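> Provided below are the primary sequence and the corresponding predicted coordinates.
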Amino acid sequence: MQFAPRRKWNLLIKSSNKDGFFLESLDLYSSLLKSGCHGDHLTFTFVVKACAQLASLWSGRKVQSHVILLGFQSDVFVQTSLLDMYSKCSSLSEARQLFDEMPSKSVVSWNSMISAYAKEFQTQESFRHFNEMRSCCFRPTSSTCVSLVSGCSGSTSALQQGQSVHCFGTKLGFHSDLRLWNSILTMYVRFNLIDDAISLFDSMKERSAITYTTIFGGYAKLGDCLMVLNLFNQIRLKQIGLDAIVFVNLISSCALLGRLLIASSVLSLLIRNGLDCEPNVAAAVVNMFAKCGDIFSARKFFDSVTKKDVLLWTSMIGGYVHADLSRTALDLFEDMISTDLPPNKITIITILSACAAIGSLSAAEQIFEHIDAYGFKSDLQTQTSLIHMYCKCGCLERAEEIFNALSHKDLAAWSSMINCYAFNGKGEESLALFKEMLKDKSIKPDAVVFTDVLSACNHYGLVEEGLKFFTSMQLQYGIEPSKEHYSCMVDLLSRAGYIDSSLEFISRVPVQLRSQLWTPFLSALRTSNGAQLENILPNRWEVESESTGNHVLLAGISASLGKWKDARDFRMSIDKRGLRKEAGWSRTELYS
DNA sequence: CTAGGGTTAG
């Protein structure tokens, strides 16, 4: 009697899983129990899979207890599904225990265990199981290789191992397995080996939407957004099944590119493909318009989306911060809260940056209840944003309090505090903290923190120290100086009165950046005592051609030196040129 | 069992 109805339940649960209605699958299972039945090996594989997809560890453990009560411990299918469930619920220890206690194992059991370690980027353990699997005479499948490679993508030292799987897979005859190629392509992109990724991509005879998504990411890392657009046009002609994810990647490249006309045409493409209302796509579109400097179109699109998710709201709020409209960002955050949609961590980080931009502590205090309410208080990124916010509001002590209480500090946390001291005029404290950070060998300073360090030297007038850091930045840490670094050094040297050194420094800067350094040079010259207009005369043409602002500075310096005729000349040249403004983007009407 | 994405602080 029991067999027939259970079979019906099993079919119902199976089809509910297939449609992605995992919660309903669990409901069906509890109805089955209520009807006086219990599960069999098929019921358990389906129900456990639903728990895995929902990442519901609690339900999964409950179902496992039923499995044990009914004596299904030796069923390899049920046990493997439980193993995968624990892996998907990130309970590696329970997965491992189950695996060790399995009376018999299948290839899929081994694959699941390897994949469990790969997901946690425990590369060595995943390879150890791979070797053990082979010594137990199990023949790895292409899925085994895919899991191993994806594990390598996440650990810093596993590139060679990943490449060896590539060879191994080819030997076993998986050379036509697209998923394996795609996972290797992902590995190269994650390791920033974009050239290798591109040559692999070029050699691939079969490509899917996933292949293109991955290589888009690679080109975006290179900053070659136009290549992304070119490739995208290729797939449009090839009629590869395009999904929302490919578009999301295309859209983020357009955001990086920052060209409004291209952004607008991408939007019409989305509308034509019926993808503009996809929740995943919408947030990217808002971000794209905001990064292209068209906050009006961003808002117009935002308003047109009927089902707004957290990402969309966050994207719009971030857009306002980016557009220097942080007050509006705060208003929009209030609107979001009033819809009862809970903010996520990134919303909080974004809104804190809005408070920082305004420099208003009272605005920030209203955010605190949300930080408490949603339990972001102990999150490192949130704390870093709080430090930054207190810094910009002038509450140095509050920033220090948070920083000192951090149990673990990453580069961003250190550098926000270093910046906080520098911003509040405490050059000495800033540099002391930087030196303390360097003692921690696990932290590698980057271009951003060096900008703060150099500006701290600048603030404190520490010429020798500044030069020392500028050199070690390049030689010891291999960081190419940016315009900000150069301009900081010019400011430092000139304001300390080292006009000749400053000029010599400028002459050694790559020519494409050099012309932009005259403005910081002249500004510093105006406040330093060693101002001598003759110093810059050999470069006069370059100085004058760069911007109208330089003429104003030159006129000011001449006047302060009592060279009234020069001052008058510079003033007149401004009138002749006219106060030219930078060419800006004109806003295009998109929807009407 | 298996490959790709979106909002983000210093």
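Thanks, I have it. Numbering: from 1, shown residues only, chains lettered A, B, ... in the order given.

> Tell me where the stretch 1-150 of chain A has helices.
A:3-18, A:22-34, A:41-54, A:57-69, A:76-88, A:92-101, A:107-119, A:123-135, A:142-152 (DSSP state H, counting those that start in this stretch).

> okay, those in CSV with mean neighbour count and distance to DNA strand B next?
For glycine as for every other residue, the C-beta is placed from the backbone atoms N, C-alpha and C. Conversion of the helices of the stretch 1-150 of chain A to CSV gives the following (neighbours: other Cβ atoms under 10 Å; distance: least, Cβ to the nearest atom of the strand, whole Å):
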stretch, mean neighbour count, distance to DNA strand B
helix A:3-18, 16, 10
helix A:22-34, 17, 12
helix A:41-54, 22, 6
helix A:57-69, 17, 13
helix A:76-88, 24, 4
helix A:92-101, 16, 11
helix A:107-119, 24, 3
helix A:123-135, 17, 11
helix A:142-152, 25, 4
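
> CSV please, covering those and showing mean pLDDT.
Below are these laid out as CSV (pLDDT from 0 to 100):
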stretch, mean pLDDT
helix A:3-18, 85
helix A:22-34, 93
helix A:41-54, 94
helix A:57-69, 94
helix A:76-88, 95
helix A:92-101, 94
helix A:107-119, 95
helix A:123-135, 94
helix A:142-152, 93
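
> nearest to residue A:558, of those helices?
Among the helices of the stretch 1-150 of chain A, helix A:142-152 comes nearest to residue A:558, with 63.2 Å by Cβ to Cβ.

> tell me what the closest one is packed against?
Applying 3 or more Cβ pairs under 8 Å, 6 or more residues apart in numbering; DSSP states H and E, we find helix A:142-152 packed against helix A:107-119, helix A:123-135, helix A:159-171, helix A:178-190.

> Can you say which helix or strand has the closest residue to DNA strand B within chain A in it?
Using Cβ to the nearest atom of the strand, the single residue of chain A nearest to DNA strand B is residue A:280, 2.4 Å away. Per DSSP states H and E: residue A:280 is located in helix A:279-291.

> Run the chain-centre distance for that helix.
Relative to its chain's centre, helix A:279-291 lies at 15 Å (Cα atoms, centre = their mean, to the nearest Å).

> got the buried residues for that helix?
A:280, A:281, A:282, A:283, A:284, A:285, A:286, A:287, A:288, A:289, A:290, A:291 (16 or more other Cβ atoms under 10 Å).

> what do you get for stretch A:429-449?
For stretch A:429-449, burial by neighbour count (16+ other Cβ under 10 Å) applies to A:429, A:430, A:431, A:433, A:434, A:437, A:443, A:445, A:448, A:449.

> Filtering the residues you listed by proximity to DNA strand B, which remain?
Among the buried residues of stretch A:429-449, the residues that sit close to DNA strand B (Cβ under 7 Å from any atom of the strand) are A:448, A:449.

> Output the buried residues of stretch A:429-449 in JSON lines, with secondary structure appended to each entry.
Formatted as JSON lines, those follow (DSSP: H, G, I helix; E, B strand; the rest coil):
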{"residue": "A:429", "secondary structure": "helix"}
{"residue": "A:430", "secondary structure": "helix"}
{"residue": "A:431", "secondary structure": "helix"}
{"residue": "A:433", "secondary structure": "helix"}
{"residue": "A:434", "secondary structure": "helix"}
{"residue": "A:437", "secondary structure": "helix"}
{"residue": "A:443", "secondary structure": "coil"}
{"residue": "A:445", "secondary structure": "coil"}
{"residue": "A:448", "secondary structure": "helix"}
{"residue": "A:449", "secondary structure": "helix"}
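
> quick one: least confident of the buried residues of helix A:279-291?
Scanning those for pLDDT, the smallest score is found at residue A:280, 83.

> That one and residue A:349: what is the separation?
According to Cβ to Cβ, to the nearest Å, residue A:280 stands 20 Å off from residue A:349.

> anything in the helix or strand hosting residue A:401 near DNA strand B?
In this assignment (DSSP H and E), residue A:401 forms part of helix A:396-405. No: applying Cβ under 7 Å from any atom of the strand, one finds that helix A:396-405 is not in contact with DNA strand B, the shortest distance being 10.6 Å.

> Mind giving me the packing neighbours of the helix or strand hosting residue A:472?
If you go by DSSP H and E, residue A:472 is part of helix A:463-475. Under the contact definition 3+ Cβ pairs under 8 Å, 6+ apart, helix A:463-475 sits against helix A:447-460, helix A:483-495.

> Turn these into JSON lines, including mean pLDDT and distance to residue A:205.
Listed next are the helices and strands packed on helix A:463-475 as JSON lines, based on pLDDT from 0 to 100; distance: least, Cβ to Cβ, whole Å:
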{"stretch": "helix A:447-460", "mean pLDDT": "89", "distance to residue A:205": "40"}
{"stretch": "helix A:483-495", "mean pLDDT": "89", "distance to residue A:205": "44"}
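
> CSV please, covering those helices and showing distance to residue A:469.
Output for those, formatted as CSV (distance: least, Cβ to Cβ, whole Å):
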stretch, distance to residue A:469
helix A:447-460, 5
helix A:483-495, 10
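
> okay, now the domains of chain A?
A:1-102, A:105-206 (automatic domain parsing).

> Could you dump these into a markdown table and include distance to residue A:505?
Listed next are these as a markdown table, based on distance: least, Cβ to Cβ, whole Å:
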| stretch | distance to residue A:505 |
| --- | --- |
| domain A:1-102 | 52 |
| domain A:105-206 | 31 |
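
> Nearest to residue A:470, out of the ones you listed?
domain A:105-206 (25.2 Å).

> Need the distance between the two termini of the closest one.
34 Å (Cα to Cα, to the nearest Å).

> Stretch A:416-430 now?
End residues of stretch A:416-430 are separated by 10 Å (Cα to Cα).

> Give me the buried positions along the helix holding residue A:472.
Result for helix A:463-475 [16+ other Cβ under 10 Å]: buried residues A:463, A:465, A:466, A:467, A:469, A:470, A:473.

> can you check stretch A:194-207 too?
Neighbour counts over stretch A:194-207 (16+ other Cβ under 10 Å) mark A:194, A:196, A:197, A:198, A:200, A:201, A:204, A:207 as buried.

> what about it and DNA strand B, any contact?
No: for stretch A:194-207, no contact with DNA strand B is found by Cβ under 7 Å from any atom of the strand; the gap never falls below 9.6 Å.

> chain center to that stretch, what's the gap?
Worked out by Cα atoms, centre = their mean, stretch A:194-207 lies 24 Å from the chain centre.

> What lies in contact with it?
Under the contact criterion Cβ atoms under 8 Å, 6 or more residues apart in numbering, stretch A:194-207 has outside partners A:176, A:178, A:181, A:184-185, A:188-189, A:211, A:214-215, A:218-219, A:221-222, A:240.

> Residues of the stretch 301-450 of chain A that sit close to DNA strand B?
Near DNA strand B, when you scan the stretch 301-450 of chain A using Cβ under 7 Å from any atom of the strand, you find A:309-311, A:314-315, A:318, A:322, A:344, A:346-347, A:349-350, A:352-353, A:356, A:380-381, A:384-385, A:388, A:410-413, A:415-416, A:419, A:446, A:448-449.

> Just the ones in helices from those residues, please.
Among those, the members falling in helices are A:310-311, A:314-315, A:318, A:322, A:346-347, A:349-350, A:352-353, A:356, A:380-381, A:384-385, A:388, A:411-413, A:415-416, A:419, A:448-449 (criterion: DSSP state H).

> Of those residues, grab the buried ones for ChimeraX.
In ChimeraX syntax, the buried subset of these is picked out as below (16+ other Cβ under 10 Å):
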select /A:310,311,314,315,318,322,346,347,349,350,352,353,356,384,385,388,411,412,413,415,416,419,448,449
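
> Could you list the low-pLDDT ranges of the stretch 401-550 of chain A?
A:527-550 (pLDDT under 70).

> From the structure, what's the count of residues near residue A:566?
Counted with other Cβ atoms under 10 Å, the neighbours of residue A:566 add up to 16.
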